[in-house]
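Chemist: quick one, what's the 3D model for this:
(chains A, B, C and D)
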Protein chains: 2
Amino acid sequence: MTGQANGRTAATRPRIVRAAWEAFRERGYRASLEEVAARAGVVRQTLYNHFPGKKLLFGEVVRHATRSILVTLEGGESLRETLIAFGRALRERVLSPDGIAVYRTLVAEAATFPELAGHFFAEGPVATRERLAEVLAAAMRKGLLRRDDPAFAAEMLIAMLIEFDRLRRLLAPAGKHPAGDHKTEAVVDCFLRAFAPRDSGKKRT
Amino acid sequence: MTGQANGRTAATRPRIVRAAWEAFRERGYRASLEEVAARAGVVRQTLYNHFPGKKLLFGEVVRHATRSILVTLEGGESLRETLIAFGRALRERVLSPDGIAVYRTLVAEAATFPELAGHFFAEGPVATRERLAEVLAAAMRKGLLRRDDPAFAAEMLIAMLIEFDRLRRLLAPAGKHPAGDHKTEAVVDCFLRAFAPRDSGKKRT
DNA sequence: TTTATTTTGGACTGGACAGTCCAGTCCAGA
DNA sequence: TCTGGACTGGACTGTCCAGTCCAAAATAAA
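Modeler: Numbers count the residues shown, from 1 in each chain, chains lettered A, B, ... in the order given. Predicted coordinates:
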């Protein structure tokens, strides 16, 4: 069923998913299917032509949103540049309205959708940590960082980049959201001091 | 109304609040008043004898829970000891089932109860950061830490202590929750390296 | 043009739940 | 013992919503 290359259908389904994401993003799983249908410019029954029920639609939407939050990590000139680029990309995605919304929704519904929450956790934070840890491990081997547990180091950097600002956006959206690039750099420098090679007496400008 | 020193009433009201907290903790704001009443060993109407409605009951319960999560910070022998004691206390509270539950509930309901969420943010994370920042500022004046923005430093320490483990508990409760005291110490040492005084070429063990 | 599929619109069921009302019961203190 | 305030039990309203069914209209493809 629900063949997906039929012209009208092919156009309808993505519209539904997009509309559903908007609705869930703003109102959480509370959002009614009526609301989703209205946003998609479609009637409620049509939703059931494409998805067996609300739960499955929610699952599809969340997986879609999860994918769109993933962060890339590419090498730069120096370790510091690489980490700063990573930090900016991470903060941009995670602290964006979509990033905050998907986080909020999954935290709220983790008890109802444990597999979805676990999937998000594994594909998001854990995968990001893993990839960052590889970069850090390489840097450790090159003597650019003190030898330590790369996964631990990665957790520390990610935590410092995100934690407090995400909290603010989650709980006090009215408040100001200051400091962008400057904060990223400050955190990366802080991280580099914490994990500087043991012997090095060097100081960076 | 709802006089509170009347024997039966005085015993009933706290029982309701406790029952409500249990219900909201497990099922979020979804929890029905029927469920709360059953847990309190009381009939639904009795709830309305003490609270004007679900929202107000929820508010009372959340303020109560917020208060119980607050972290103390007392000076110890050395800065390191002080921070480790703080780290342990913070992690114990924030990562406890109650800490996770109140966080989850408020993140989920922040749109519906913005004042409650804002209150929690201000009384919890922000207040904690502020108190920690004072300790750090004092240490900076004594030359025990590099001169830097104490609020920023406090954010970094708190983030490192909590972030990833909270995420795990929120999203993948089935997974293992390893590392306790050891992690606190590792984080504090990491923090002390990051904010060591600029000139000091000392190395710890 | 014909045909198969999708979409529409509207009606209906069943369930959950907040909030209200009221008559009757229980109990602590005067 | 009496009495007022608190609790009980049950019924009732209004609302919201997921999910189902169906006949009619629209539309794309053969």
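Chemist: how about the helix or strand encompassing A:Arg27: buried residues?
Modeler: Using DSSP states H and E, A:Arg27 sits in helix A:8-27. Neighbour-count burial for helix A:8-27, counted by 16 or more other CB atoms under 10 Å in any protein chain shown, picks out A:Thr12, A:Arg13, A:Ile16, A:Val17, A:Ala19, A:Ala20, A:Trp21, A:Glu22, A:Ala23, A:Phe24, A:Arg25. From N, CA and C alone the C-beta is placed, and that goes for glycine too.
Chemist: and for stretch A:167-178?
Modeler: Here stretch A:167-178 shows A:Leu167, A:Arg168, A:Arg169, A:Leu170, A:Leu171, A:Ala172 as buried, counting by 16+ other CB under 10 Å.
Chemist: what's the mean pLDDT across it?
Modeler: Mean pLDDT, stretch A:167-178: 86.
Chemist: so how far is it off the chain centroid?
Modeler: Here the centre of mass of C-alpha atoms in stretch A:167-178, compared against the chain's by CA atoms, centre = their mean, to the nearest Å, lies 17 Å away.
Chemist: next one: stretch A:157-169
Modeler: 12 Å.
Chemist: repeat for stretch A:56-69
Modeler: 12 Å.
Chemist: and it, anywhere near DNA strand D?
Modeler: No: Stretch A:56-69 does not reach DNA strand D (CB under 7 Å from any atom of the strand); its nearest approach is 7.8 Å.
Chemist: neighbouring contacts of that stretch?
Modeler: Residues from elsewhere that reach stretch A:56-69 (CB atoms under 8 Å, 6 or more residues apart in numbering or on different chains): A:16-17, A:20-21, A:24-25, A:29, A:33, A:36, A:47, A:51, A:93-94, A:98-99, A:101-102, A:105-106, A:113, A:116, A:119-120, A:123-124.
Chemist: list the buried ones in it?
Modeler: A:Leu57, A:Phe58, A:Glu60, A:Val61, A:Val62, A:Ala65, A:Thr66, A:Ile69.
Chemist: for that stretch, what is the average pLDDT?
Modeler: For stretch A:56-69, the per-residue pLDDT averages 96.
Chemist: CA atoms only: put that stretch into PDB for me.
Modeler: Coordinates of the C-alpha atoms in stretch A:56-69 are reproduced here as PDB (Å, rounded to 0.1, in the frame of the first residue of the first chain):
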ATOM      1  CA  LEU A  56       3.800   5.700  13.300                       C
ATOM      2  CA  LEU A  57       3.600   9.100  11.800                       C
ATOM      3  CA  PHE A  58       5.300  10.500  14.900                       C
ATOM      4  CA  GLY A  59       8.000   8.000  14.500                       C
ATOM      5  CA  GLU A  60       8.600   8.800  10.900                       C
ATOM      6  CA  VAL A  61       8.700  12.500  11.700                       C
ATOM      7  CA  VAL A  62      11.100  12.200  14.500                       C
ATOM      8  CA  ARG A  63      13.500  10.000  12.600                       C
ATOM      9  CA  HIS A  64      13.400  12.600   9.900                       C
ATOM     10  CA  ALA A  65      14.100  15.400  12.300                       C
ATOM     11  CA  THR A  66      16.800  13.500  14.000                       C
ATOM     12  CA  ARG A  67      18.600  13.000  10.700                       C
ATOM     13  CA  SER A  68      18.500  16.700  10.000                       C
ATOM     14  CA  ILE A  69      20.200  17.600  13.200                       C
END
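Chemist: A:Tyr103 contacts A:Ile162, correct?
Modeler: No: between A:Tyr103 and A:Ile162 there is no contact under CB atoms under 8 Å: 10.0 Å.
Chemist: who has more neighbours, those two?
Modeler: A:Tyr103 (24 against 21; other CB atoms under 10 Å in any protein chain shown).
Chemist: quickly find the element holding the more buried one.
Modeler: Counting by DSSP H and E, A:Tyr103 is part of helix A:97-109.
Chemist: please enumerate the strands of chain A.
Modeler: For chain A, strands defined by DSSP state E do not occur.
Chemist: packing partners of the one helix or strand in it whose mean pLDDT sits lowest?
Modeler: Lowest on mean pLDDT, DSSP states H and E among the helices and strands of chain A sits helix A:8-27, with a mean of 90. If you count contacts as 3 or more CB pairs under 8 Å, 6 or more residues apart in numbering or on different chains; DSSP states H and E, helix A:8-27 packs onto helix A:33-40, helix A:44-50, helix A:54-69, helix A:97-109.
Chemist: could you dump these to a markdown table with distance to DNA strand C?
Modeler: Converted to a markdown table, the helices and strands packed on helix A:8-27 look like this (distance: least, CB to the nearest atom of the strand, whole Å):
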| stretch | distance to DNA strand C |
| --- | --- |
| helix A:33-40 | 8 |
| helix A:44-50 | 4 |
| helix A:54-69 | 12 |
| helix A:97-109 | 15 |
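Chemist: of the ones you listed, which is nearest A:Glu134?
Modeler: When these are compared by CB to CB, helix A:54-69 sits nearest A:Glu134, at 19.9 Å.
Chemist: neighbours around A:Ser32, how many?
Modeler: 12.
Chemist: next: A:Pro52.
Modeler: Neighbours around A:Pro52, by other CB under 10 Å: 11.
Chemist: quick one, phi psi at it?
Modeler: phi -70, psi -20 (degrees, to the nearest 10).
Chemist: repeat that for A:Gly143.
Modeler: The phi/psi pair for A:Gly143 (degrees, to the nearest 10) is phi 80, psi 10.
Chemist: you'd agree it is up against A:Arg198?
Modeler: No: if you go by CB under 8 Å, A:Gly143 and A:Arg198 don't touch, sitting 10.2 Å apart.
Chemist: ok so, going back, show me what the least confident helix or strand of chain A is in contact with.
Modeler: Counting by CB under 8 Å, 6+ apart, A:2-4, A:31, A:35-37, A:39-42, A:46-47, A:50-51, A:57-58, A:60-62, A:64-65, A:97-98, A:101-102, A:105, B:111 sit against helix A:8-27.
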